[in-house]
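> let me see the structure of the following:
(one chain, ligands or ions: 1)
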Amino acid sequence: MEACETEEIIYIDECMKLALEQANLALNNLEVPVGCVIIEDEKVIAAGRNRTNETRNATRHAEMEAIDILLEQWQRNGLSKADIAKRFSKCTLYVTCEPCIMCAAALSILGIKEVYYGCANDKFGGCGSILALHTSESGGSTRDEVSQGRGFKCTGGIMAPEAISLFRSFYEQGNPNAPKPHRPLAPSI
Ligand SMILES: [Zn+2]
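Numbers count the residues shown, from 1 in each chain. All right, here's what the predicted structure looks like:
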């Protein structure tokens, strides 16, 4: 049993490393370094990185990039809304920083199965830090499944130091005169 759990932890870390590679790509492109991958049946089916500066669009977060790749592909392949919902319900997202409120709401509406994230997003986190959109009970009894989503299983703190260190590099390179932060920086996304 214990060996099995260890194997699972190694697998989660391997997936998060792929998300960190995406975050690193974002950093190299002078973007706030957040990256993600979406896994289905143990295969990476989409990857995304934050592209808010490049696109001059504040909503182009890593998660949205990855989600849009799948939506475009599945719609092109003629999948129905029900088929698309079924595919998302088998997908797991690995993202280097806690999804923001916008992304958490989108993931919940799409019905993603599970999310693993790195560091917390103290400013805009939608998976517990500010709002808890992943828990389907949080809206009370009037909660509407279509507008609020079904919620998803969510686990944070996966390789968080690596994710935070990318943010530090970003803020240090972006503003060389900035005073050294005395606490981990959350992304301003
Ligand atoms: Zn977001």
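
> wait, residue 51 sits on residue 31?
Yes. Residue 51 is in contact with residue 31 according to Cβ atoms under 8 Å; the separation is 6.2 Å. Placement of C-beta: from N, CA and C, glycine included.

> just give me the neighbour total for the nearest residue to residue 60 once chain neighbours are set aside.
Leaving aside its sequence neighbours, residue 60 sits nearest to residue 51 (Cβ to Cβ, 6 or more residues apart in numbering; 4.5 Å). Per other Cβ atoms under 10 Å, the neighbour tally for residue 51 reads 19.

> which ones are touching residue 161?
Taking Cβ atoms under 8 Å, 6 or more residues apart in numbering as the contact definition, residue 161 lies against nothing.

> contact residues of this structure facing the ion?
By the rule Cβ under 5 Å from the ion, the part of the chain lying against the ion is 61, 100, 103.

> now those in CSV, with distance to residue 84?
Shown next, in CSV, are the residues of the chain next to the ion (distance: Cβ to Cβ, whole Å):
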residue, distance to residue 84
61, 20
100, 23
103, 18
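
> top of these by neighbour count?
residue 103 (30 neighbours).

> check the closest residue to it other than its chain neighbours and give its pLDDT.
Excluding the flanking residues, the one nearest residue 103 by Cβ to Cβ, 6+ apart is residue 63, at 4.1 Å. Residue 63 carries a pLDDT value of 98.

> again, but for residue 168
At residue 168, the model reports a pLDDT of 95.

> quick one: it and the ion, what's the gap?
According to Cβ to the ion, to the nearest Å, residue 168 stands 20 Å off from the ion.

> now find how far off-centre the helix or strand where that residue lies is within its chain.
Residue 168 belongs to helix 160-174 when elements are defined using DSSP states H and E. Taking Cα atoms, centre = their mean, to the nearest Å, one finds helix 160-174 lying 17 Å from the centre of the chain it belongs to.

> buried ones in that helix?
Within helix 160-174, the residues scored as buried using 16 or more other Cβ atoms under 10 Å are 160, 162-164, 166-167, 170-171.

> now flag whichever of those is closest to residue 13.
The shortest approach to residue 13 among these belongs to residue 162, at 9.8 Å (Cβ to Cβ).

> which element follows the lengthiest helix in the chain toward the C-terminus?
The helix that spans the most residues within the chain, counting by DSSP state H, is helix 2-28. Counting by DSSP H and E, the next helix or strand C-terminal to helix 2-28 is strand 35-40.

> hmm, who's touching the next helix or strand after that following strand?
Downstream of strand 35-40, the next assigned helix or strand under DSSP H and E is strand 43-49. By Cβ under 8 Å, 6+ apart, the residues outside strand 43-49 that reach it are 18-19, 22-23, 25-26, 29, 31, 33-39, 61-67, 69-70, 91.
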